[in-house]
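J.: Sequence plus the predicted model coming up.
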Amino acid sequence: MSATESKSLGKPGSMLVVRLLVFSSLILAGSTASSAQDSTQSSSGATAWLILQAIPSLSWTTTPAETNFAFEWEVAPVLYSWGMTRLVSPWHFFFVNQPERFAGSLELVVSGQAYVSRIAGGHTGLSGQLLSHFPLIEKGEYLGLNLGAARYRFGGTYSTFGVAGISTLFGFLHYNIKYSPADRIWMNSIEFRFF
């Protein structure tokens, strides 16, 4: 290092520049490490969310002839929440935080069922449901009301159902009763909402 360079670094203004550069480098390194940690946490959160989707809901369907037990997997492609703060978007797609549902919402639910015995000529079913959720106790955290309509397909037949039920445990546990008056079919379901 030359004598002039040494003298220029010794000046108060030059030391300030060096300190600012060092400080900026530390902040940049810290924010990079923080964003890498956030990325890892969101990746592990997404992995946990996907694993929870494998847990089925339980349902049993009673027709005039028999009762059939089924496992059911659900997804909510669209949910509109009217009970949340206006600082959060009311529209949600696929991934739904529980408060967005139980605080007051309307959602489209698509589900598939796997029956342990044959129903309407097959072991599978598909459905589309339009469900509304109304908070009853503690803004829906302790108890909520579910109302809606559903369309189910068993084998090659279709049935339309009215839906009524309750939700509890911060929106994670739902018990819904579905009835099709035209086909005299009752469905009871215990639903675990991890989405």
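T.: Alright, I've got the coordinates.
J.: CA atoms for contacts and neighbours, from now on please.
T.: Noted.
J.: So which residues of the chain form strands?
T.: 57-62, 67-81, 91-92, 105-119, 122-137, 143-154, 157-168, 173-180, 185-192 (DSSP state E).
J.: Those strands: which one's closest to L50?
T.: strand 67-81 (11.4 Å; CA to CA).
J.: That closest one pairs with which strands, and in what direction?
T.: strand 57-62 (antiparallel), strand 91-92 (antiparallel), strand 105-119 (antiparallel) (DSSP bridges).
J.: Determine which of those strands approaches I190 most closely.
T.: The nearest among these, by CA to CA, is strand 57-62 at 5.2 Å.
J.: quick one: T160 and I185 touch, right?
T.: No. Counting by CA atoms under 8 Å, T160 stays clear of I185, with 9.6 Å between them.
J.: Could you tell me how many residues sit around P64?
T.: A count of nearby residues for P64, using other CA atoms under 10 Å, gives 9.
J.: what's it in contact with, if anything?
T.: Counting by CA atoms under 8 Å, 6 or more residues apart in numbering, P64 touches R184, I185.
J.: State the phi and psi torsions of it.
T.: phi -60, psi -20 (degrees, to the nearest 10).
J.: measure it to T160 for me?
T.: The gap separating P64 from T160 is 16 Å, by CA to CA, to the nearest Å.
J.: what do you get for T168?
T.: Distance from T168 to T160, by CA to CA: 26 Å.
J.: R86 now?
T.: Distance from R86 to T160, by CA to CA: 35 Å.
J.: can you check W82 too?
T.: Distance from W82 to T160, by CA to CA: 26 Å.
J.: Pick out whichever of these two has more residues nearby.
T.: T160 (20 against 16).
J.: Tell me what that one is bridged to.
T.: R151.
J.: residues in contact with it?
T.: A149, A150, R151, Y152, S180, A182.
J.: distance of it from H92?
T.: From T160 to H92 the distance is 26 Å (CA to CA).
J.: helices and strands of this protein: which one has the lowest mean pLDDT?
T.: Ranked by mean pLDDT, DSSP states H and E, the weakest helix or strand in the chain is helix 3-10, scoring a mean of 46.
J.: Nearest to V75, out of the strands paired with strand 67-81?
T.: Nearest to V75, of those and by CA to CA, is strand 105-119 at 5.5 Å.
J.: angle of that closest one against strand 143-154?
T.: 40 degrees (axes from the mean of the first three to the mean of the last three CA atoms, to 10 degrees).
J.: What count of nearby residues applies to G165?
T.: Neighbours around G165, by other CA under 10 Å: 18.
J.: Does it touch M187 like I think?
T.: No. Taking CA under 8 Å as the definition, G165 is not a contact partner of M187, at 11.4 Å.
J.: so what's in contact with those two at the same time?
T.: I177.
J.: re the thing from before, let's see the PyMOL selection covering just the buried ones among the contacts of T160.
T.: Those of the contacts of T160 that count as buried under 16 or more other CA atoms under 10 Å are selected in PyMOL with:
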select buried, resi 149+150+151+152+180
